[in-house]
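Trainee: With the input below, show me the fold.
(one chain, ligands or ions: 1)
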Amino acid sequence: MHISLIVAVTENGVIGKDNKLLWALPSDMQRFVKLTMGKPIIMGRKTFQSIGKPLKGRDNIVITADQSFQAKDAFVVNSVEQALTKAKECAQKREVEEIMVIGGEQIYQQTLELASSVCLSLVHTHLKGDAFFPALDETIWQEVSRELFSADEKHNYDYSYIVYTRA
Ligand SMILES: NC(=O)c1ccc[n+]([C@@H]2O[C@H](COP(=O)([O-])OP(=O)(O)OC[C@H]3O[C@@H](n4cnc5c(N)ncnc54)[C@H](OP(=O)(O)O)[C@@H]3O)[C@@H](O)[C@H]2O)c1
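Mentor: Predicted coordinates for the structure are as follows:
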């Protein structure tokens with residue numbers, strides 16, 4: 001079973017502020033939907049609440065330490081280990097080979113070492129934020145593809161979509 005992290009991050013490592021994203025990149029969002037559809041998605045409770053609803057067509061697995069937390073149409077678990085167990089079970093039922101970790105900072109930090117790939121949209125700007133993605137160690141992560149997308153009337157920044165796998 002592959003574990004992939006999917007993230008959009010500025011050049012200074014920012015992924016969000018005040019529990020929100022800081023950009024509008026519809027083509028990146030479409031890619032996110034395509035890459036996560038039909039798969040288990042693991043997220044932290046804050047990211048789940050930031051999205052505001054379970055994402056359709058995917059097994060939403062939400063990690064919280066709050067034993068009483070409930071979410072309609074999502075699996076609530078109390079540790080990363082429980083999330084991975086549930087995600088593997090869901091992936092087997094759906095006959096897919098990949099589990100997607102969709103954030104945020106706390107969950108990326110705890111799953112990066114378990115991941116075999118990182119799908120990273122590098123937003124070509126520097127912003128102030130309060131949630132970050134760790135810098136990828138080049139001795140561990142190898143860039144296998146990169147594509148540049150230019151800003152336009154619908155996309156407020158240039159960004160590059162980069163795939164990393166373990167070197
Ligand atoms: N740019 C992107 O691609 C992207 C993607 C996702 C999110 N984001 C951004 O990231 C920010 C949110 O990140 P965040 O780090 O603040 O929050 P988060 O990782 O989404 O969620 C953190 C919460 O997860 C739970 N948690 C974490 N580790 C746990 C563990 N080992 N066991 C049990 N529960 C655990 C805790 O919930 P409880 O407090 O309920 O116990 C914790 O408060 C937002 O700004 C969001 O917009 C950006």
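
Trainee: Please enumerate the strands of this protein.
Mentor: 2-10, 14-16, 40-44, 59-63, 75-77, 98-101, 117-123, 131-132, 141-149, 159-166 (DSSP state E).

Trainee: Now do the spatially most central residue of the chain against the ligand, distance only.
Mentor: Closest residue to the average C-alpha location of the chain: residue 102 at 2.2 Å, with Cα atoms, centre = their mean. As judged by Cβ to the nearest ligand atom, to the nearest Å, residue 102 and the ligand stand 6 Å apart. Quick note: C-beta positions are derived from backbone N, CA and C, even for glycine.

Trainee: hang on, the earlier thing: dump the strands of the chain to CSV, plus mean neighbour count, distance to residue 69 and mean pLDDT.
Mentor: As requested, those are arranged in CSV below (neighbours: other Cβ atoms under 10 Å; distance: least, Cβ to Cβ, whole Å; pLDDT from 0 to 100):
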stretch, mean neighbour count, distance to residue 69, mean pLDDT
strand 2-10, 21, 23, 98
strand 14-16, 23, 20, 98
strand 40-44, 25, 11, 98
strand 59-63, 24, 8, 98
strand 75-77, 19, 5, 98
strand 98-101, 24, 19, 98
strand 117-123, 21, 28, 98
strand 131-132, 20, 20, 98
strand 141-149, 13, 33, 98
strand 159-166, 17, 32, 98
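
Trainee: surely residue 58 meets residue 37?
Mentor: Yes - if you go by Cβ atoms under 8 Å, residue 58 and residue 37 touch, sitting 6.4 Å apart.

Trainee: neighbour count winner among the two?
Mentor: residue 58 (19 against 14; other Cβ atoms under 10 Å).

Trainee: Not counting residues beside it along the chain, what's closest to the more buried one?
Mentor: Nearest residue to residue 58 in three dimensions, chain neighbours excluded: residue 41, at 4.9 Å (Cβ to Cβ, 6 or more residues apart in numbering).

Trainee: so what's the one you found bridging to?
Mentor: Here residue 41 sits in beta bridges with residue 60, residue 100, going by DSSP bridges.

Trainee: For it, list the residues it contacts.
Mentor: 55, 58, 59, 60, 61, 99, 100, 101, 102 (Cβ atoms under 8 Å, 6 or more residues apart in numbering).

Trainee: Which member of those residues is positioned nearest residue 82?
Mentor: Nearest to residue 82, judged by Cβ to Cβ, of the contacts of residue 41 is residue 61 at 8.7 Å.

Trainee: For that closest one, give its distance to residue 18.
Mentor: From residue 61 across to residue 18, the span is 24 Å (Cβ to Cβ, to the nearest Å).

Trainee: try residue 49
Mentor: Distance from residue 49 to residue 18, by Cβ to Cβ: 12 Å.
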